[in-house]
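Asker: I'll drop the sequence and a predicted model, then ask my questions.
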Amino acid sequence: MHVLLASWPLFHRVGGVILSRWAHFLAGVTWIGILYYFNFVQVPSFAAFDAGSRTEATAKLVPRALWWFRWGAMLTLLSGISILAFQDQFDGDYFKTPSGVSIATGILLALVMFSNVWFVIWPNQKKVIANAENVMAGRQADPAAAASARKGLLASRTNTLFSIPMLFFMAATSHFAPFHTSATSGKRGAFLGIVLVITAILELIALGVFGTEPGGLRAYLDQHRNTIIAGFAYAVLLIILFEAFFS
């Protein structure tokens, strides 16, 4: 009994890490899976629907998908915080290592994506859903619904772009970054500063600061294929920079 009691903190920590990671994987698969469904399946398919079918699908299918989408994002965030809480190596020095910089990069991108889900995509989609319900009930259509749909689309496509480097750097924390040994404060600051600036510019484009009409600065968001290419391009850029700063 004494041995079991003495070992309880270890069991508690290890069990907490395992359960937190399990929840993180399940929630993350749900969140990102539905994100890809929206961008790769639903949006192109809805474009081919007639107006009546699209309105009915928006009113009946989209709310259910968005419920799993936003709460998947919430559970992903909470379980990620739980992982950090249970891990004993996440002390003040951990984030000074290449692995710490890698996970910090993934966390930064994931937090921006989470914010887009709850504060951009969901509020705008609520307006689109309400408009669809009004039209099905024979009431007047909301002329602002199209603009809300466009704002939600820009944020959703941007999340798709961010998800590609985010997933790489989350995995790179244990499978790639440990092979790098140099992470001075200047290099950490320079790398994370570049990540922050580029991510901020892309997010400002998503938020419509530079306009919401198709083309121009937003051409990479107009088609999901372009968004995928842009996501891999951003990931490759960050990987090259990571190698340059920390190898």
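Answerer: Received it, and whenever you're ready, just let me know what you need.
Asker: only C-alpha atoms for contact and neighbour calcs from this point on.
Answerer: Will do.
Asker: doesn't residue 77 make contact with residue 23?
Answerer: No. Using CA atoms under 8 Å as the test, residue 23 is too far from residue 77 to be in contact (10.2 Å).
Asker: and residue 191, what does it touch?
Answerer: For residue 191, the contact set (CA atoms under 8 Å, 6 or more residues apart in numbering) comprises 241-242, 245.
Asker: may I ask which of these has the most neighbours?
Answerer: residue 242 (20 neighbours; other CA atoms under 10 Å).
Asker: helix/strand/coil for residue 140?
Answerer: On the three-state scheme (DSSP: H, G, I helix; E, B strand; the rest coil), residue 140 is labelled coil.
Asker: least trustworthy helix or strand in the chain by mean pLDDT?
Answerer: helix 2-37 (a mean of 78; mean pLDDT, DSSP states H and E).
Asker: next secondary structure after that helix?
Answerer: Following helix 2-37 in sequence order, the next helix or strand is helix 43-48 (DSSP states H and E).
Asker: which non-adjacent residue is nearest residue 40?
Answerer: Leaving out its chain neighbours, the residue that sits closest to residue 40 by CA to CA, 6 or more residues apart in numbering is residue 224, at 6.5 Å.
Asker: who are the contact partners of the one you found?
Answerer: With CA under 8 Å, 6+ apart, residue 224 has these contacts: 39-40, 157.
Asker: out of these, who's the most crowded?
Answerer: Top of these by neighbour count (other CA under 10 Å): residue 157, with 26 neighbours.
Asker: is it true that that one touches residue 226?
Answerer: No. Using CA under 8 Å, residue 157 makes no contact with residue 226, being 9.7 Å away.
Asker: chain center to stretch 195-212, what's the gap?
Answerer: 15 Å (CA atoms, centre = their mean, to the nearest Å).
Asker: ditto for stretch 75-90
Answerer: Worked out by CA atoms, centre = their mean, stretch 75-90 lies 17 Å from the chain centre.
Asker: check which residues of it are buried.
Answerer: For stretch 75-90, the neighbour count (16 or more other CA atoms under 10 Å) marks 75-77, 79-80, 82-83, 86 as buried.
Asker: identify each buried residue in whichever strand or helix holds residue 112, please.
Answerer: Using DSSP H and E, residue 112 sits in helix 98-116. Neighbour-count burial for helix 98-116, counted by 16+ other CA under 10 Å, picks out 98-110, 112-114, 116.
Asker: most centrally placed residue in the protein?
Answerer: residue 113 (3.5 Å; CA atoms, centre = their mean).
Asker: can you tell me the helix or strand for the closest residue to that residue other than its chain neighbours?
Answerer: Once flanking residues are discounted, residue 113 sits nearest to residue 159: 5.4 Å by CA to CA, 6+ apart. For residue 159, the enclosing helix or strand under DSSP H and E is helix 145-175.
Asker: report the angle between that helix and helix 98-116.
Answerer: 160 degrees (axes from the mean of the first three to the mean of the last three CA atoms, to 10 degrees).
Asker: so which elements touch helix 145-175?
Answerer: The contact analysis (3 or more CA pairs under 8 Å, 6 or more residues apart in numbering; DSSP states H and E) places helix 145-175 against helix 2-37, helix 98-116, helix 122-136, helix 185-206, helix 219-222, helix 224-246.
Asker: quick check: angle from it to helix 185-206?
Answerer: Using the same axes, to 10 degrees: helix 145-175 against helix 185-206 is 160 degrees.
Asker: roughly how far apart are the closest residue to residue 110 other than its chain neighbours and residue 148?
Answerer: Spatial nearest neighbour of residue 110, excluding adjacent residues (CA to CA, 6+ apart): residue 166 at 6.6 Å. Note on residue 166: its distance to residue 148, by CA to CA, to the nearest Å, is 26 Å.
Asker: looking at these two, which is more packed in?
Answerer: Set residue 166 next to residue 148 and count neighbours by other CA under 10 Å: residue 166 wins out with 25 against 18.
Asker: fine by me, we can end here.
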